[in-house]
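A.B. asks: after the sequence you'll find the predicted model.
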Amino acid sequence: MASPFIKRYLLALDRYKWPGLFTFLSILGISSLAAFRPEPPPEYYSESVLVDNSPQVVFANVTGEVQNQGKLLINEDSLLSGVLLQEVSRKLEEQGINLTPAQIRENTQVAVVAAGDTADITTLSQQVTVRTIGADPEVTEPVLNVLIEGMIQLSQITNRQTLTNITDELNRRVPEIASELKTAENELENYDRLEGPAISSAIDGSLLSAIAGSQQQLRANDITLAGINAQIQSIQNQLGMSPQEAYASSALSADPSVAQLRAQIYDVETQQALLREQGFKELHPSMRELQGNLDAFRMRLQERTNSVLKGDGAVASIPGNAQTNLDPARAALANQLVALDTQREALLSQQAVIRQSEQSLQQEYSTLPNKQLERDRLASEAVRRRALYDQLRARQVDAEVAQAETVTSLSVAVPAFTLQAPNEQAATWVILLAGGLGGLVVGGGVVYLLDMLDGTVRTAEELEGLLQTQEVPMLGMIPAMKTRSPHAVPVLVQPDSLYNASYERFLSRLRLVGTEESAIGPRMIVLTSTRSQEGKSVSAYNLAIASARAGRRTLLVEADLRSASKAKILGLPAHSQAILEPLRYYSGHVGENLQMVSYVENLYVCASPGPQRQPAAIIESSEMQQFLKDARARFDMVILDTPSLTRCDDALLLEEQTDGVVLVTRPGITEKAVLDTAIEELELSDDVRLLGAIINAADISSEQEADIEDALEPIELTRAPEFSAVSSGRIDF
């Protein structure tokens with residue numbers, strides 16, 4: 001059995017044979033013109049080979065770099081640049097050969113083979129093959145020689161220009177780097193001048209020694225201060241005076257004027273005491289004289305005391321509560337107390353200075369790592385600038401040496417030679433054969449492309465795949481029925497027809513999708529399709545016949561009110577009055593709405609009263625609903641033949657009264673997009689139940705086709721049959 005692809009392609013070939021044939025003949029005609037065209041005139045080509053060129057002795061590194069860059073620039077675009085072609089055209093014009101740069105470019109071929117691209121030992125270096133083509137061998141070789149000479153000169157000019165660019169760049173960069181080097185060295189020198197001693201002291205350990213010495217001196221002074229404070233406290237307890245009071249008392253006791261005045265006062269007081277003992281009154285002249293002397297001495301003592309206490313501007317003032325008559329022992333203690341206090345003040349001042357010095361040293365020591373890092377950074381920058389400067393200077397000297405070593409990167413390996421180009425025109429039969437094969441391929445491709453653009457499903461396998469993709473149950477695959485006459489309707493009224501088996505399988509699979517209300521499957525179904533000509537009505541008639549022969553009381557309702565009745569294919573007459581009064585027809589008051597088929601037992605048909613102008617109103621009428629309810633109650637199987645979904649929505653209106661919808665498809669008629677849309681709409685609707693689908697007019701195997709040809713043909717009613725007296729009758733519900 002052929003694959004689905006081959007079957008589809010054969011069908012497409014039958015439909016689009018003329019476009020494919022036209023494409024084939026067009027390509028074959030073009031190939032014939034190419035095969036029988038006249039031979040072109042002979043052509044000649046001159047060819048030469050260039051290879052890498054390097055100087056024999058090289059002292060400068062820049063020379064090798066320039067040569068390598070020159071080799072990298074060897075390609076077809078650079079070797080056939082506009083400047084070179086213009087110069088070659090000018091030189092050829094001097095030799096009497098008039099060729100424009102465009103003509104030279106068109107007739108010149110350049111092939112660059114890099115070193116090592118092939119296994120040939122002769123390609124260890126880069127090779128450039130230059131070929132010029134023309135009709136005159138006397139012209140092609142001079143053109144090639146001038147062109148090669150220009151390529152070699154252009155390579156040398158390019159290398160020298162590259163070296164000049166390198167030299168100019170070095171000359172521009174060296175002064176900048178020298179200035180940057182000078183700046184870096186000055187910064188390092190200034191930093192060493194400012195921070196060098198501190199860094200050196202940190203390196204040799206003198207800074208740490210100074211910090212340790214300061215801390216040791218502070219501890220020693222603290223011990224000494226503790227001893228001095230203890231002595232001062234002990235002497236203060238003995239004297240009952242502070243160091244300031246002791247200093248004042250010692251100063252007053254040591255003053256001779258104060259001592260003399262106190263002695264005189266003591267003498268006067270002694271004389272007054274003697275006179276009082278002798279009975280002298282205070283008003284006695286002697287007492288009054290002594291009292292005057294005493295007051296004068298006391299005034300002089302007070303003045304002298306004030307003079308000593310206030311100071312003369314060179315020393316500080318002395319407290320006024322100081323004693324002026326210390327004995328030698330107490331005076332010695334007072335002097336010792338004053339000396340200890342002075343020593344303590346000196347130690348405290350020394351402690352403050354040492355502590356401040358220590359803090360300064362500690363701060364300096366804490367900043368030493370940053371200073372060292374900064375110094376290292378400046379030194380590294382200076383070294384880097386020095387290295388860069390030395391490198392550029394070396395490159396500058398190297399470039400000066402390379403001026404005498406730079407040469408062209410190309411040299412002639414094979415001189416120019418001229419040959420006649422072989423005739424590459426293919427044989428006539430080869431061109432015709434290629435044209436024929438190409439025409440077949442392209443023509444077949446055109447047929448395939450046109451088939452891909454066609455949205456119609458062409459094979460039963462494709463339809464089955466689409467239904468499986470949409471998860472629609474496959475209820476049956478009906479084979480294509482053959483009839484003797486092309487106008488005959490393939491209705492299976494003969495009980496021994498081989499096509500009956502397909503509808504019997506259809507009926508049995510329909511029972512498997514039954515509802516809970518019925519154990520034998522759906523009792524009332526709607527048959528519809530996506531478009532006309534898909535065999536929907538024929539399938540409805542044959543399914544009704546198969547159901548009736550299975551022993552089920554079956555009613556076929558022609559629900560297509562937009563078309564005339566097809567009941568005549570079973571020999572049933574139409575009622576002209578039913579077309580005028582369709583509602584009364586379905587209610588049973590006009591005509592016979594149910595007719596029994598005489599030669600198929602258990603089969604009844606409700607012919608359509610169409611065509612009607614308002615079929616939707618009739619379908620939604622109460623008479624139609626009551627008719628369908630009565631039909632469900634009286635018949636085992638009711639089949640409604642409805643219009644296609646693309647034509648109207650009558651099938652969806654009737655589905656509400658039935659158990660579901662069966663979709664009829666047919667290869668060559670059903671369109672993929674329309675089928676997908678219809679299935680999606682049916683599945684998205686909650687009120688519509690899609691029972692499944694069948695494939696009508698499917699291809700069958702050759703063995704089955706032979707059996708069918710030998711069997712009896714379906715009945716072909718070309719005219720209305722003659723009815724017996726009991727062929728049909730009215731059925732009252």
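C.D. replies: Sure, I can see it. Residues are numbered from 1 along each chain as shown.
A.B. asks: can you tell me which helix in this protein is longest?
C.D. replies: helix 137-204 (DSSP state H).
A.B. asks: just checking, what packs against the following helix or strand past that helix?
C.D. replies: The helix or strand immediately downstream of helix 137-204 is helix 206-239, counting by DSSP states H and E. Using 3 or more CB pairs under 8 Å, 6 or more residues apart in numbering; DSSP states H and E, the elements in contact with helix 206-239 are helix 137-204, helix 243-254, helix 328-366. (Glycine included, C-beta is placed from N, CA and C.)
A.B. asks: for Asp136, give me the pLDDT.
C.D. replies: pLDDT, Asp136: 80.
A.B. asks: before we move on, the earlier item: redo the helices and strands packed on helix 206-239 as TSV? Include distance to Leu580 and mean neighbour count.
C.D. replies: Formatted as TSV, these follow (distance: least, CB to CB, whole Å; neighbours: other CB atoms under 10 Å):
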stretch	distance to Leu580	mean neighbour count
helix 137-204	99	16
helix 243-254	149	22
helix 328-366	120	15
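A.B. asks: turn the ones you listed into a markdown table, columns for distance to Ser608.
C.D. replies: Converted to a markdown table, the helices and strands packed on helix 206-239 look like this (distance: least, CB to CB, whole Å):
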| stretch | distance to Ser608 |
| --- | --- |
| helix 137-204 | 90 |
| helix 243-254 | 143 |
| helix 328-366 | 112 |
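A.B. asks: which of those helices has the lowest mean pLDDT?
C.D. replies: helix 243-254 - the lowest mean pLDDT of the helices and strands packed on helix 206-239, at a mean of 71.
A.B. asks: can you name the next helix or strand after that one?
C.D. replies: Next helix or strand after helix 243-254 toward the C-terminus (DSSP H and E): helix 256-277.
A.B. asks: quick one: distance of that next one to the chain centre.
C.D. replies: 119 Å (CA atoms, centre = their mean, to the nearest Å).
A.B. asks: now the element after it, going C-ward?
C.D. replies: helix 285-310.
A.B. asks: which parts of that next one are buried?
C.D. replies: Met287, Leu290, Asn293, Leu294, Phe297, Arg300, Leu301, Arg304, Thr305, Val308, Leu309 (16 or more other CB atoms under 10 Å).
A.B. asks: closest to Ala273 among those?
C.D. replies: Proximity of these to Ala273 (CB to CB) peaks at Leu290, which lies at 10.0 Å.
A.B. asks: and the gap between that closest one and Val268?
C.D. replies: Between Leu290 and Val268 the computed distance is 5 Å (CB to CB, to the nearest Å).
A.B. asks: same check, this time on Ala460
C.D. replies: Counting by CB to CB, the separation of Ala460 from Val268 is 163 Å.
A.B. asks: what's the most centrally placed residue in the chain in contact with, if anything?
C.D. replies: Closest to where the C-alpha atoms of the chain average out (CA atoms, centre = their mean) is Thr469, at 34.1 Å. Thr469 sits next to no residue when contact means CB atoms under 8 Å, 6 or more residues apart in numbering.
A.B. asks: let's see it at 10 Å
C.D. replies: Contact analysis of Thr469 by CB atoms under 10 Å, 6 or more residues apart in numbering lists Asp676, Ile679.
A.B. asks: follow-up on the earlier one: of all the helices and strands packed on helix 206-239, which one is nearest Arg395?
C.D. replies: Nearest to Arg395, of all those, is helix 137-204, at 5.7 Å by CB to CB.
A.B. asks: show me how far the closest one is from its chain's centre.
C.D. replies: 42 Å.
A.B. asks: quick one, that helix and helix 328-366 angle?
C.D. replies: 170 degrees (axes from the mean of the first three to the mean of the last three CA atoms, to 10 degrees).
A.B. asks: tell me the helix or strand right after the helix or strand encompassing Leu28.
C.D. replies: Secondary structure assignment for Leu28, by DSSP H and E: helix 17-35. Next helix or strand after helix 17-35 toward the C-terminus (DSSP H and E): strand 44-52.
A.B. asks: output the contacting helices and strands for that next one.
C.D. replies: helix 61-72, strand 108-113, strand 127-134, helix 137-204, strand 410-420 (3 or more CB pairs under 10 Å, 6 or more residues apart in numbering; DSSP states H and E).
A.B. asks: buried set for the first one?
C.D. replies: It refers to helix 61-72. Val62, Thr63, Glu65, Val66, Gln67, Gly70, Lys71.
A.B. asks: what of the last one?
C.D. replies: Of the residues in strand 410-420, those buried under the neighbour-count criterion (16+ other CB under 10 Å) are Leu410, Val412, Ala413, Ala416, Thr418.
A.B. asks: go through those residues and name the one nearest Ser32.
C.D. replies: Nearest member of the buried residues of strand 410-420 to Ser32, counting by CB to CB, is Thr418, at 35.7 Å.
A.B. asks: specify the beta-bridge partners of the closest one.
C.D. replies: Judged by DSSP bridges, the bridge partners of Thr418 are Ser46.
A.B. asks: kindly report the same for Met474.
C.D. replies: Bridge pairing for Met474 - DSSP bridges - gives Ala693.
A.B. asks: quick one: it from Ile694, how far?
C.D. replies: 8 Å.
A.B. asks: overlap of the contact sets of the two?
C.D. replies: Common neighbours of Met474 and Ile694 (CB under 10 Å, 6+ apart) are Leu463, Leu467, Arg509.
A.B. asks: quickly find the element holding the first one.
C.D. replies: To tie it back to what came earlier, the one meant is Leu463. helix 460-469.
A.B. asks: just Ala404 next, same as before
C.D. replies: In this structure, Ala404 sits in neither a helix nor a strand according to DSSP H and E.
A.B. asks: ok so, going back, most surrounded residue in the shared contacts of Met474 and Ile694?
C.D. replies: Neighbour count (other CB atoms under 10 Å) singles out Leu463 as the most crowded of the shared contacts of Met474 and Ile694, with 25 neighbours.
A.B. asks: contacting residues for it?
C.D. replies: For Leu463, counting by CB under 10 Å, 6+ apart, the contacting residues are 457, 474, 477, 665-668, 670, 672, 675, 693-696, 698.
A.B. asks: which of the residues you listed count as buried?
C.D. replies: Val457, Met477, Thr665, Arg666, Pro667, Thr670, Leu675, Ala693, Ile694, Ile695, Asn696, Ala698.
A.B. asks: the fifth one touches Ile478, doesn't it?
C.D. replies: No: using CB atoms under 10 Å as the test, Pro667 is too far from Ile478 to be in contact (11.0 Å).
A.B. asks: now for the two: what residues contact both?
C.D. replies: Counting by CB under 10 Å, 6+ apart, the shared contacts of Pro667 and Ile478 are Ala460, Ile695, Asn696, Ala697, Ala698.
A.B. asks: SS state for Ile97?
C.D. replies: Under DSSP: H, G, I helix; E, B strand; the rest coil, the three-state class of Ile97 is coil.
A.B. asks: got a pLDDT number for it?
C.D. replies: Ile97 is given a pLDDT of 86.
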